[in-house]
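[1] Generate coordinates for the sequence data below:
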Amino acid sequence: MVIEQPGGDDVAGNAGWLDVHTHFEVPSWEAAPRLEHMDRIGVTMQLLSNLSITDPAGARESNEFAASVVAEHPGRFGLLATLPLTDVDAALEEIAYAKRELGADGFATLGVVDGRYLGDPRFAPVWAELSRQRATVLVHPSPFSRPVLDLPTPLFEVGFDTARVVVDMLWHRTLDAAPDVRVVLPHAGGCFPALSGRVSMLAGEDWVDNTQQVTAAQIEQAASRFWYDTAMSGSLPSLSALLAVTSPDHVLYGSDYGAPCASEDVLQHNARLLRTSPLLSPAERDGLGRHGAELFPRAFARMQSPATVQG
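    Here you go, the predicted model:
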């Protein structure tokens, strides 16, 4: 499939972007194609996450492998350590190990694990520890969810999954109890930005189970507090909905590189849309790849240091 690209021929624009949303799996890892893609797009560093595993042993193996990649290419890759939330105690151990031994730049987890969304009280110790660490965590929709329609889950189900995760956290006041954790939502927040107005409008109705008394103002505040990446979301409808609930400085570049749905044509098309978007000023467009400095300072420092850039 070849997609007609908007704008000129220079998809890379100004180099130096940080890509906060990429995937990898240990058996199929190849650095060279990634580095070639990154150079074409104008990405200096990818943050690696592996969300195809959920068990503690697999998470540890994957995190250690990714840390070895970062050690080999410190200026080109960073680590978002996988949290095995199938076992809360193991997840707490992995947070400590990844920070202490692996130098993780942040964390990544699925939004629903064993049928429980992240607002479930069983995950409260994990949120508390992430907040204590002042950590950044990428909350990704589950690739294991069964589609409601007879269409592939990545086509649009992931967007609804993200909206469910966010509403579940709001209704459990998850982030109120973890004030210092920074949450990145992929795919421009999925369906949540477009649905947030409806949820705000109806939250106080007497037919809604709202024992936590979540208000419209709190929902709006939460929407502006999240950070959002732009994987598959450079189009006008996706960005318009997102920018209605947050400011451009909370929007990050994310590609979804490594996901089965992320072909090279699609990745380049999305990057061109972002670099030419009429919804953003030139400075805001360039900032998409640089706002991650606040969330991932150690990764950004490695990315900016000529002494460490390899590959």
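[2] rest of the way, CA atoms for contacts and neighbours
    Noted.
[3] For the longest helix along the chain, list every residue counted as buried.
    Using DSSP state H to assign secondary structure, the helix with the most residues in the chain is helix 153-171. Using 16 or more other C-alpha atoms under 10 Å as the test for burial, helix 153-171 gives 153-154, 157-171.
[4] How about stretch 109-125?
    109, 110, 111, 112, 113, 116, 117, 118, 119, 123, 124.
[5] So for the helix or strand hosting residue 36, what gets flagged as buried?
    Using DSSP states H and E, residue 36 sits within helix 31-41. Judged by neighbour count using 16+ other C-alpha under 10 Å, the buried positions of helix 31-41 are 35, 38, 41.
[6] just the strands in the stretch 1-150 of the chain please.
    17-23, 43-49, 77-82, 106-110, 112-113, 116-117, 136-140 (DSSP state E, counting those that start in this stretch).
[7] Identify whichever of those strands lies nearest to residue 204.
    In terms of C-alpha to C-alpha, the element of the strands of the stretch 1-150 of the chain nearest to residue 204 is strand 116-117, at 22.3 Å.
[8] who touches that closest one?
    For strand 116-117, the external contacting residues (C-alpha atoms under 8 Å, 6 or more residues apart in numbering) are 111, 165, 168, 169.
[9] Let me know whether the third one touches residue 112 as I believe.
    This means residue 168. No. Contact between residue 168 and residue 112 fails when scored by C-alpha atoms under 8 Å: they sit 10.2 Å apart.
[10] overlap in contacts of those two?
    Each of residue 118 lies in contact with both residue 168 and residue 112 under the rule C-alpha under 8 Å, 6+ apart.
[11] ok, back up a step: show me which of the strands of the stretch 1-150 of the chain has the highest average neighbour count.
    Mean neighbours per residue, mean count of other C-alpha atoms under 10 Å, is largest over the strands of the stretch 1-150 of the chain for strand 77-82, with a mean of 30.
[12] For residue 161, see how far away residue 200 is.
    Using C-alpha to C-alpha, to the nearest Å, we find residue 200 at a distance of 18 Å from residue 161.
[13] Report the residue spans of the stretch 1-150 of the chain with pLDDT below the cut-off.
    1-15 (pLDDT under 70).
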